[in-house]
Each structure stands twice: as C-alpha cells, then as structure tokens.
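[1] A structural model of the following input is requested.
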Amino acid sequence: MSSSAAVVNFSPEPGSVEVREFAKPVIGPTDVLVEVAAVGVCGSDLHQWSASHSWPVNYPVVLGHEFAGTVVEVGSGVTNWKEGDQIASETAAVIDSDNPMSRRGLYNLDPTRKGFGYGVDGAMTRYTRVPARCLHRVPVGLPLDHAALTEPCCVAYNSVVENTRINPGDRVLVIGPGTIGILCAAIAKLRGGDVAVLGLETDQKRFGVVEQYGCTTLTQAEEWCLERDGLGADVVIDAAGVSQTLKLAIELVRPAGWITKVGWGPKPLGFSIDPLVQKNVTLQGSFSHHWTIWERVLALLANGQLDVKPIIGGSWGLHNWHESFEQMHAGEIVKAILKPAL
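    Sure thing, here's the model as predicted:
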C-alpha cells in the first residue's frame, strides 16, 4: 500500500504536530478518494498544535478540514461523482442520519458529529477519504486554492446571514480580525451594513486585509459605535471568543440590538450578563454550516461577489507546515494554504 507525507497531531501535549508517513486510505462503498490540491490552515489547527483547544481529538489524527481537490476513485455505491471531478468538501465527516438535527438538514448540530482534522483524519496529506455526501462541485473557473477556503466562508455566511439580523444601513461591529472575523465583515458588507472590525495595535497587517474589503478598522470601538445616535452598534459579531470580548459586545450593542458569538472561548465568563436583559438584546450562537450554505457560498466565490484572495498569505508544502503555522500565529498573515504537491 502506498503512503505519503501527512501533518499529524499525535498527542494532547503542546507542540505535538509533525510530518509522518500516512497510508493511502481505503474507501468504502459510499466514499470517494480525493487527491488534495489545497488545504487551508485554520485557527483550530493552531489551537490543536498549541493544545489550547476545547474539543475532543482522536489522536493521532491528520490535520486539515478546509480543502479542495480532485476525485481519483469512487466507491461502488457512488453514482453522482466520477474520477476527475473537482470538488470542495464539507467538514462533517461523521454524522448520524437519524439524529433529529440531521433529519432537519441541520447535521452540523448533530451532537455526535465528528469532523475532519480532529474526529477523523483530515486533508493535510496527498489523499483523503471523503463521504460522497460531503462533496460540492467547484464551479468552472474557480481556482482550487480559493475553493479550499469555502469552509471558513461558510462559517462566516452562517454567522452573518443565517444567524444574525442585519438590515441595510445597520452599524455592524466585528470583534477580532482573524480569518472568520474578516470574512464575517466581508459578508456583512454584502448585506448592506456599515462595517468596522475591532482588533489590537499589533493587528496592523490584518487591518490591511480588512480595508481591502471596504471595512473600517478600529483599536477602540466605543466612539464608532456611538457616533450615529449615541445608542451603540446595531449588531456586534464576536469572532474573537474570549470572555472579555463578549463583555465588550454587551457593552457596545444598542438596546434591542443583536450579538452573534462565533468565536470559541473555553474559559468562564466571570461577569454578569444581566445587561442583556436590561437592554433587551439578542445573544445568538453560530456553529459550522450545512449543504445549502455551501452551494450559496460557492456561487458567491464563482461570481466574484466574495473574494478570498485578500486573506491568502501564501502557499507552503506539507514539510514546511511549521513555517505556515508560525506566520499565522504571529499575525503576519491571515490564512496559509498547504499544497501537498509542493
């Protein structure tokens, strides 16, 4: 059986990521084998590398859940895909089709769901096994390294479009200029919002990317939120996830406003959320995505309404994974792409 290099997270200890040989997967009747063309490095990959994550991981596991590639083998029960098809893949590698959430089409909310890169082996390798139900066709003309970033775009789309009430002209504050925060801001602009992204003084390089999407950048947000009528932002999207940013969101949102929390933060809050009651504010969580969102996002990427090129900071081969992780961790770039063929 042939094998190839893979970026593997092998234990819960900090720094437990290395390149290992990984056997070419054997597919089942409802699977396809995908030759990976490009895989995005996600903040969650960095969290597993630094052991700062808050989700269970099946060690050892090949990292990577943002990917696109080409079908090279199809299972005996797969009828709608063939060798040579270019695909982008969803992340819900394992779901219970009988779970009430799955039966509603919300399999992203199935409590037993397991994703690529933590629950099952992911795509930071040459070949990966994918259930055929996860696949979406890459529109003609969309580069595969752009298609690989459909997944974070879908996280942002679900947060901003499906789980947030935004009206044209609303003042929208996004906290956190990481990949998801920047994409949330870009999609909020598509919704007609007046959008600003709040970050730190050290986020200047990321701010340059934010500004390419036509959004304002801030290191202090109170004045911007209050300048229209003194009541605060219509919408705050917390894409940072730490306790302090949710506290800040509650302070900056206007009465009867909306807060969507998409950033993860495992630590206790340590403050009262009674102001949510006093201000009659909606606090909404947003997690992952589902089939309909993927089709819409791929359409936006194909027609140019949503462009991921500004967030891509470079491409690396699998053996140079560490450099790409370090550059993202240091804030030098927003998004790294790994290409197994390099």
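
[2] quick check: domain ranges of the protein?
    Structural domains assigned to the chain are 3-149+308-338, 156-285, following automatic domain parsing.

[3] how far does the shortest one sit from the chain's center?
    To tie it back to what came earlier, the one meant is domain 156-285. Relative to its chain's centre, domain 156-285 lies at 17 Å (C-alpha atoms, centre = their mean, to the nearest Å).

[4] just to revisit the earlier point, let me have the domains of the chain in CSV, extended by mean pLDDT, distance to residue 298 and mean neighbour count.
    Bear in mind the C-beta positions are built from the backbone N, C-alpha and C, glycine included. Shown next, in CSV, are the domains of the chain (pLDDT from 0 to 100; distance: least, C-beta to C-beta, whole Å; neighbours: other C-beta atoms under 10 Å):
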stretch, mean pLDDT, distance to residue 298, mean neighbour count
domain 3-149+308-338, 97, 6, 19
domain 156-285, 96, 11, 19
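
[5] would it be right to say that residue 88 lies in a strand?
    Yes: under DSSP: H, G, I helix; E, B strand; the rest coil, residue 88 falls within a strand.

[6] how near is the residue nearest the centre of the chain to residue 103?
    With distances taken as C-alpha atoms, centre = their mean, residue 152 lies nearest the centre of the chain, 2.9 Å away. Note on residue 152: its distance to residue 103, by C-beta to C-beta, to the nearest Å, is 27 Å.

[7] again with residue 318
    Distance from residue 318 to residue 103, by C-beta to C-beta: 38 Å.

[8] also residue 183?
    29 Å.

[9] residue 253 contacts residue 237, doesn't it?
    No: if you go by C-beta atoms under 8 Å, residue 253 and residue 237 don't touch, sitting 10.4 Å apart.

[10] which neighbours do the two have in common?
    By the contact definition C-beta atoms under 8 Å, 6 or more residues apart in numbering, residue 253 and residue 237 are jointly contacted by residue 259.

[11] helices of the chain, start to end?
    In the chain, the helices defined using DSSP state H lie at 43-50, 100-103, 144-147, 150-157, 179-190, 204-212, 222-226, 243-252, 274-278, 291-303, 321-329.

[12] redo those helices as a markdown table? Include distance to residue 94.
    Shown next, in a markdown table, are the helices of the chain (distance: least, C-beta to C-beta, whole Å):
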| stretch | distance to residue 94 |
| --- | --- |
| helix 43-50 | 17 |
| helix 100-103 | 11 |
| helix 144-147 | 23 |
| helix 150-157 | 16 |
| helix 179-190 | 23 |
| helix 204-212 | 33 |
| helix 222-226 | 41 |
| helix 243-252 | 30 |
| helix 274-278 | 35 |
| helix 291-303 | 16 |
| helix 321-329 | 25 |
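
[13] which of these sits closest to residue 86?
    helix 144-147 (6.4 Å; C-beta to C-beta).

[14] what is the closest one packed up against?
    With contacts taken as 3 or more C-beta pairs under 8 Å, 6 or more residues apart in numbering; DSSP states H and E, helix 144-147 sits against strand 31-40, strand 66-74, strand 86-89, helix 291-303, strand 312-316.
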